[in-house]
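> sequence-free structure coming up:
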């Protein structure tokens, strides 16, 4: 298993997004700096936001509700889950659903957006910083029901602006309550560390859990426990 970014052929037609790469590096740098601005409030903010954005927003909202339609709920609660998922900075609801449904349809094959057949790094984070030329087509084909909703489409279209604004809000609230150092604590813990943790806890399912682990049943893909 190649550990470097060895891209699948489909990705050869893609382009590296400098903005995504810079954001990826900046958020990880902020997560590494978080311990130097530790506060109990910052840690609490991080834990609460991990639960709200990653576990409830992404796992329950993007995954179980929007991607698989595993349950029904009110449209207002669906929008709330989608908004919380958008704050996790794992793209917006339309893109997330399209990628996940394509992953299930073509799991571990050439068309799987995060196939681990080529490299562990590609499956884990590499694929997130590339823009595929057929992304609009994939969204329409795999997430037509989600893209037709104007609110979900708005969240998808402005997902980075919404997430970035929330980062700024964390700093402004902390600065207003105590001062700049407390603002940085909320920003680094509630923003960067929380987002980085959410990314890796989600993407490890795409990478390591399709390479290592045990299997109760033989399937056509490489998914493991």
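All right, it came through fine. Keep in mind that what you see is a predicted model, and the values were worked out from it rather than measured. Numbering: from 1, shown residues only.
> pLDDT score for the residue of the chain most remote from its centre?
Going by C-alpha atoms, centre = their mean, the residue of the chain most distant from its centre is residue 178, 31.0 Å out. Looking at residue 178, its pLDDT stands at 96.
> before we move on, what about residue 75?
Residue-level pLDDT assigned to residue 75 equals 97.
> then the one 5 residues further on?
At residue 80 the predicted local distance difference test score is 98.
> report how many residues lie close to it.
When counting by other C-beta atoms under 10 Å, one arrives at 16 neighbours for residue 80. Using the backbone N, CA and C atoms, a C-beta is placed for each residue, glycine as well.
> where's it relative to residue 102, distance?
With distances defined as C-beta to C-beta, to the nearest Å, the gap from residue 80 to residue 102 amounts to 26 Å.
> same check on residue 69?
For residue 69, the distance to residue 102 - C-beta to C-beta - is 16 Å.
> quick check: longest helix in the chain by residues?
Among all segments of the chain classified by DSSP state H, the helix with the greatest residue count is helix 159-177.
> who are the packing partners of it?
In terms of contact count using 3 or more C-beta pairs under 8 Å, 6 or more residues apart in numbering; DSSP states H and E, helix 159-177 is assigned the packing partners helix 75-86, helix 180-186.
> geometric centre of the protein: which residue is closest?
Centroid-nearest residue in the chain: residue 90, 2.2 Å away (criterion: C-alpha atoms, centre = their mean).
> least confident secondary structure element in the protein?
The helix or strand of the chain with the lowest confidence, counting by mean pLDDT, DSSP states H and E, is helix 9-12 at a mean of 57.
> note down every partner strand of the next helix or strand after that helix and its orientation.
Secondary structure here is assigned by DSSP states H and E; on that basis, the next helix or strand after helix 9-12 toward the C-terminus is strand 15-16. Note on strand 15-16: by DSSP bridges, its sheet partners are strand 130-131 (antiparallel).
> just the buried residues of the next helix or strand after the strand it pairs with, please?
If you walk from strand 130-131 toward the C-terminus, the next helix or strand you reach (DSSP H and E) is helix 135-142. Taking 16 or more other C-beta atoms under 10 Å as the basis for neighbour counts, the residues of helix 135-142 that come out buried are 138-139, 142.
> now for helix 135-142, which elements pack on it?
Secondary elements touching helix 135-142 (3+ C-beta pairs under 8 Å, 6+ apart): helix 93-105.
> now do 10 Å
Under the contact criterion of 3 or more C-beta pairs under 10 Å, 6 or more residues apart in numbering; DSSP states H and E, helix 135-142 touches helix 93-105, helix 144-147.
> appreciated, that's everything.
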